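1. pasted the sequence and its predicted model underneath.
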Amino acid sequence: MEEVKLFGYWVSPFCRSVEIALNIKGIQYEYIEEDLTNKSPQLLQYNPVYKKIPVLLHNGKPIVESMVILEYIDETWKNNPILPEDPFEKARARFWANFVDQKCFPALWKTIWSTSEQYEQNKAEALERLKVLENELGGKRFFGGDSIGMVDIVANFIGFSFRTIQEALKLDVFTEDNFPKLWEWAENFANCSPVKKCLPPQDKLIANFPPAYMGKTLVSSFQSRLQLQFHPPAAAK
Amino acid sequence: MRARVALEEKEIKYEHKHEDLDTGNKSELLLKMNPIHKMIPVLIHNGKPVCESLIIVEYIDEAWKGKTTSLLPSDPYERAQARFWADFVDRKVYTYGRQVTWSRKGEEQEAAKIGLISSIKTLEEEALGDKLYFGGEKFGYLDVAVIGLCSWMYTYEIVGKFSAEIECPKLMAWAKRCMERDSVSKSLPEPDKLYKGIMELKMSFGLE
């Protein structure tokens, strides 16, 4: 009997990645919501190096770091693969997953937390990254081809949460006019059943992000209220 | 360094092309093969590019499966552990190492030195322990991921003013073992030459 547990946080796109992958594979798992202001002894025990979510526990053994977890899931449960089999295509997928994780996500995140002085510059950087991503998507339905794969999973923040937050904040970073292919991808992505099952509630998302273009003090008070694990944009990894 | 060591370990013949990394001097081939980041390393296999060092190492292991023993373990949990630590090396060890090397003397460099020593001690205790190699009895993927330390540690020690033999003796013993492997000694720059090169660069940027 397999025991699969996931320690997570409701807003974290890194946790969503893991959940989507588990849903694609049809794995039953127990989800444990962590209070990031009061991390559980188990979390600290299972991830002593970073003390962060997500942590996947499979038959008592912990795996941490969302990209490492995704590869583990794909190698352990071989049905519905999220990575291509061909080594070159696999390397491509890993490259683009890294691009989304290390270049797109931080750029988009910065736009949400911008003060009015910072917004235009942060927006310009985010637009540049999204353009590269849209070129890569090209005419494909998903980055993974006909079905969602690792790159789509890692881009879940772009596919759902970012659009919700930017609409609430009246930002104009990711629009259908600017990025028609990526927009269509996002619509298709958010409607896939493995994704729909684990998306954060829209109203809760909106309530937890600051109104647009707040001054520095208000931005930082919202940030500390949200109590994110990942660093604020200025000190991003 | 990682890509070259991986190719040597898998006994693959390859052509090495040196790049001048000054902006404006990067070759057309590099810019064509890695248009997104415009950075080395890039592996070109039958005309197709693979970018980013750890992705290249996994590609080499998969594309030449069966040629020699695998670099990555076969068990998914052990593979996850190896990937975790490889990512840790990039995120912590090499990041702090770069900061120690390139920052001016002062608080910033001190803080980076503390981070560097702490992260290499964690790597030594948790990932290497008393094993011969990070991969266990055999040299493997995580050894390839860490291999740059065999050349870089000398620079970190001098600039950071600490002794790696004192701070992480097991890691230093591992480095000596690795340098005895042909795949490593052929592929890595000599530590003192690397240090001299870095110091020249620092002086030319007015950082020394």
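-> Now that the structure is in, tell me what you want to look at.
2. name the SS class of A:S17, please.
-> Here A:S17 is recorded as helix under DSSP: H, G, I helix; E, B strand; the rest coil.
3. give me every residue that touches it.
-> If you count contacts by C-beta atoms under 8 Å, 6 or more residues apart in numbering or on different chains, A:S17 has them with A:54, A:66, A:69-70, A:153-154, A:156. Backbone N, C-alpha and C define where each C-beta goes, glycine included.
4. which pair of those spans the longest distance?
-> A:I69 and A:N156 (13.7 Å; C-beta to C-beta).
5. can the longest helix along chain A be said to contact chain B?
-> Across chain A, the helix with the greatest residue count (assigned by DSSP state H) is helix A:116-137. Yes: Helix A:116-137 lies within reach of chain B by C-beta under 8 Å from any C-beta of the partner chain, at A:V132.
6. all helices for chain A, in order.
-> A:13-25, A:41-46, A:66-76, A:87-99, A:105-112, A:116-137, A:150-154, A:156, A:162-169, A:180-190, A:193-196, A:202-207, A:216-226.
7. of the contacts of A:S17, just say which sits nearest to chain B.
-> A:I69 (7.5 Å; C-beta to the nearest C-beta).
8. is it true that the closest one touches A:I53?
-> No: contact between A:I69 and A:I53 fails when scored by C-beta atoms under 8 Å: they sit 10.7 Å apart.
9. show me what from chain A comes close to chain B.
-> A:49, A:58, A:61, A:63-65, A:67-69, A:71-72, A:75-76, A:87-88, A:90-91, A:94-95, A:98-99, A:132, A:237.
10. helices or strands next to the top helix by length along chain B in the packing?
-> Ordering each helix of chain B by length in residues (DSSP H) puts helix B:107-122 first. In this structure, helix B:107-122 packs against helix B:95-102, helix B:149-160, helix B:164-167, with contacts taken as 3 or more C-beta pairs under 8 Å, 6 or more residues apart in numbering or on different chains; DSSP states H and E.
11. mind listing what's buried in the first one?
-> If you call a residue buried by 16 or more other C-beta atoms under 10 Å in any protein chain shown, then helix B:95-102 has these buried ones: B:95-97, B:99-102.
12. same question for the last one.
-> Of the residues in helix B:164-167, those with enough neighbours to count as buried (16+ other C-beta under 10 Å) are B:164, B:167.
13. name the residues that touch it?
-> So helix B:164-167 is in contact with B:117, B:120-121, B:153, B:156-157, B:171-172, going by C-beta under 8 Å, 6+ apart.
14. list buried residues within these.
-> Buried among the contacts of helix B:164-167 (16+ other C-beta under 10 Å): B:117, B:120, B:153, B:156-157, B:171-172.
15. same list (those residues) but as JSON lines, adding distance to A:L43 and pLDDT.
-> Conversion of the buried ones among the contacts of helix B:164-167 to JSON lines gives the following (distance: C-beta to C-beta, whole Å; pLDDT from 0 to 100):
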{"residue": "B:I117", "distance to A:L43": "26", "pLDDT": "97"}
{"residue": "B:I120", "distance to A:L43": "25", "pLDDT": "97"}
{"residue": "B:M153", "distance to A:L43": "33", "pLDDT": "96"}
{"residue": "B:Y156", "distance to A:L43": "32", "pLDDT": "96"}
{"residue": "B:E157", "distance to A:L43": "35", "pLDDT": "95"}
{"residue": "B:L171", "distance to A:L43": "28", "pLDDT": "97"}
{"residue": "B:M172", "distance to A:L43": "33", "pLDDT": "97"}
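16. make TSV out of those residues and add distance to B:V89.
-> Below are the buried ones among the contacts of helix B:164-167 laid out as TSV (distance: C-beta to C-beta, whole Å):
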residue	distance to B:V89
B:I117	14
B:I120	9
B:M153	13
B:Y156	13
B:E157	17
B:L171	11
B:M172	16
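17. what is B:T68 paired to in the beta sheet?
-> B:K65 (DSSP bridges).
18. residues in contact with it?
-> B:9-11.
19. got any ranges where the chain has weak pLDDT?
-> Picked chain A for this. Low-confidence segments of chain A, defined by pLDDT under 70, span residues A:1, A:210-237.
20. that's the other chain; I wanted chain B
-> B:22-23.
21. mind listing what A:E75 touches?
-> Contacts of A:E75 (C-beta under 8 Å, 6+ apart): B:76, B:79.
22. could you measure from it over to A:P81?
-> As judged by C-beta to C-beta, to the nearest Å, A:E75 and A:P81 stand 10 Å apart.
23. just give me the neighbour total for residue 11.
-> No chain in the question, so chain A it is. 20 (other C-beta atoms under 10 Å in any protein chain shown).
24. chain B was what I was after
-> Neighbourhood size, B:E11 [other C-beta under 10 Å]: 10.
25. contacting residues for A:V55?
-> A:6-7, A:43, A:46-47, A:62-64.
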